[in-house]
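In: please find the sequence and the predicted model below.
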Amino acid sequence: MKKLLALVLALTMAFALVACGNNNSGNAGNNGGTNAGDTNDGGDTGNAGGEEMRITLITMDQMDVHWVKLAKAAQAKVDELSGQGKNIVYNWTAPEKKDNAQQIAMIEAAVNDGSDVIIIAVNDSTACNDALQEALNKGIKLIYVDATSTLEASATFATDNYAAGAEAGKAMLGYLSDKGLSEGTIGLVSAQAGVQSCIDRVDGFVSAFEGSKFTMSEVQYSDGDAVKAQELTNALINDGVIGVYGANDGATNGAANAVKEANAGGKDILCVGFDNSSSNRAHVRDGELLAFMAQNPNVMGEKAIEAAVTLLEGGSLTETQVDTGVSVVTTENVDQFED
């Protein structure tokens, strides 16, 4: 009798364990299915939960309107792509003023922060090469906007600065001809020695005068600062120049300020320059700046972000060297270039 009772108890416990085991197995299957759906990498690719893309933009400085516009356009494109489900972490950084050491430190910081792509406008064509090469060695993609180093990048989106400078030179020649002038010295005011984009703009400008009797001053470097550019231009005017060329926004603004004062005092100095800004537009309207070359920083910013995302998603670029264009702005069309 005791043996029979023990057998019954054993069978009862066995059935209970089987029942519990079936319930647990069923719950594990349901929970496993839910979790797999939440964490499926394939399902998240291409949406807000997809693989993170870290993009750093480094410009020459923070004060130039050109860079502000470029960064703003880049941010707008990031916002647009994020709205389409791209998981982009974007950061814009720049020295307050053009400084090679600070740019190098920012490249190193971008590498340490895990950037996948560095978009950069270098101050100097070689100064940042070691830092950029280290980034390339770590598999980081490199894209240039506006100004390049001598290292090869995945893509470049920039103005053809030599051609744009030549356009500025042709414009100045036309204004000189209108005044009946066929010789004299033209003052050259640039941003900073070693900035390739400005070197090209000056070289292009000078090329337009080949074969003429005009001469050029030594290039004056303002660091892109309008106050310094004005002081340099005052000195050039005192030395007898008949015209002044500014190779970037700050240089043009300062040069135009100096020309305005000089012309108010009875002189007749001609001035052309570079970059679309509210100050330069005002100078054109007031007459001391006859023309400036307007770049398309918005195109640079937008295209660079698009290219970065394409590369990080494993795509190939249809264009890797893109001329983003330039326009000659005068009193006749300045209203079309309002921000």
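Out: Good, I have the coordinates.
In: what about the stretch 1-150 of the chain, any weak spots by pLDDT?
Out: By pLDDT under 70, the weakly predicted segments of the stretch 1-150 of the chain are 1-49.
In: what are the ranges of the helices in it?
Out: 2-39, 41-44, 65-83, 100-112, 129-137 (DSSP state H, counting those that start in this stretch).
In: list the buried residues in the last one.
Out: Going by neighbour count (16 or more other CB atoms under 10 Å), the buried part of helix 129-137 is 131-132, 135-136. Any C-beta I mention is one placed from the backbone N, CA and C, and that applies to glycine too.
In: now the angle from it to helix 100-112?
Out: 10 degrees (axes from the mean of the first three to the mean of the last three CA atoms, to 10 degrees).
In: output helix 129-137 as PDB - backbone C-alpha positions only.
Out: The C-alpha trace of helix 129-137 is given here as PDB (Å, rounded to 0.1, in the frame of the first residue of the first chain):
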ATOM      1  CA  ASN A 129      48.700  67.300 -43.100                       C
ATOM      2  CA  ASP A 130      50.000  65.200 -40.200                       C
ATOM      3  CA  ALA A 131      46.800  65.500 -38.300                       C
ATOM      4  CA  LEU A 132      44.700  64.800 -41.400                       C
ATOM      5  CA  GLN A 133      46.900  61.800 -42.300                       C
ATOM      6  CA  GLU A 134      46.400  60.300 -38.800                       C
ATOM      7  CA  ALA A 135      42.600  60.700 -39.300                       C
ATOM      8  CA  LEU A 136      42.900  58.900 -42.700                       C
ATOM      9  CA  ASN A 137      45.000  56.200 -41.100                       C
END
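In: centre of the chain to it, how far?
Out: Helix 129-137 sits 18 Å away from the centroid of its parent chain (CA atoms, centre = their mean, to the nearest Å).
In: what does that helix rub up against?
Out: Residues from elsewhere that reach helix 129-137 (CB atoms under 8 Å, 6 or more residues apart in numbering): 104, 107-108, 110-111, 115, 118, 120, 122, 142, 149-151.
In: thought residue 64 was touching residue 248?
Out: Yes. Under the criterion of CB atoms under 8 Å, residue 64 makes contact with residue 248 at 7.0 Å.
In: how about residue 209, phi and psi?
Out: phi -100, psi 0 (degrees, to the nearest 10).
In: burial count for it?
Out: Counted with other CB atoms under 10 Å, the neighbours of residue 209 add up to 17.
In: contact partners for it?
Out: 169, 173, 186, 216.
In: next one: it from residue 88, what distance?
Out: Separation of residue 209 from residue 88 (CB to CB, to the nearest Å) stands at 46 Å.
In: now swap in residue 121 and tell me
Out: In terms of CB to CB, residue 121 sits 20 Å off from residue 88.
In: neighbour count winner among those two?
Out: residue 121 (29 against 20).
In: these two touch, right, the more buried one and residue 144?
Out: Yes. At 7.0 Å, residue 121 counts as touching residue 144 under the criterion of CB under 8 Å.
In: which one (most neighbours) among the contacts of residue 209?
Out: Going by other CB under 10 Å, residue 169 tops the contacts of residue 209 with 25 neighbours.
In: and for residue 335, the neighbour number?
Out: Neighbour number of residue 335 under other CB under 10 Å is 10.
In: again, but for the one 4 residues further on
Out: Other residues within reach of residue 339, judged by other CB under 10 Å, total 10.
In: for this structure, what spans make up the strands?
Out: 53-58, 88-93, 117-120, 141-145, 155-158, 183-190, 213-221, 243-246, 270-274, 291-294, 321-323, 327-329 (DSSP state E).
In: for the last one, the averaged confidence score.
Out: For strand 327-329, the per-residue pLDDT values average out at 96.
In: show me the contact partners of that strand.
Out: By CB under 8 Å, 6+ apart, strand 327-329 touches 167-168, 171, 276, 281, 284, 291-294, 333, 337.
In: switch the cut-off to 6 Å
Out: 167, 171, 291-292, 294, 337 (CB atoms under 6 Å, 6 or more residues apart in numbering).
In: so which of those residues comes closest to residue 225?
Out: Closest approach to residue 225 among the contacts of strand 327-329 (CB to CB): residue 292, at 17.6 Å.
In: report the contact partners of that closest one.
Out: Applying CB under 6 Å, 6+ apart, the residues contacting residue 292 are 252, 273-274, 280, 329.
In: ok, the closest residue to it other than its chain neighbours - contacts?
Out: Computed as CB to CB, 6 or more residues apart in numbering, the closest residue to residue 292 that is not its neighbour in sequence is residue 273, at 4.6 Å. Taking CB under 6 Å, 6+ apart, we find residue 273 in contact with 246, 252, 292.
In: rerun that using 7 Å as the cut-off
Out: Residues near residue 273 by CB atoms under 7 Å, 6 or more residues apart in numbering: 245-246, 251-252, 255-256, 280, 289, 292.
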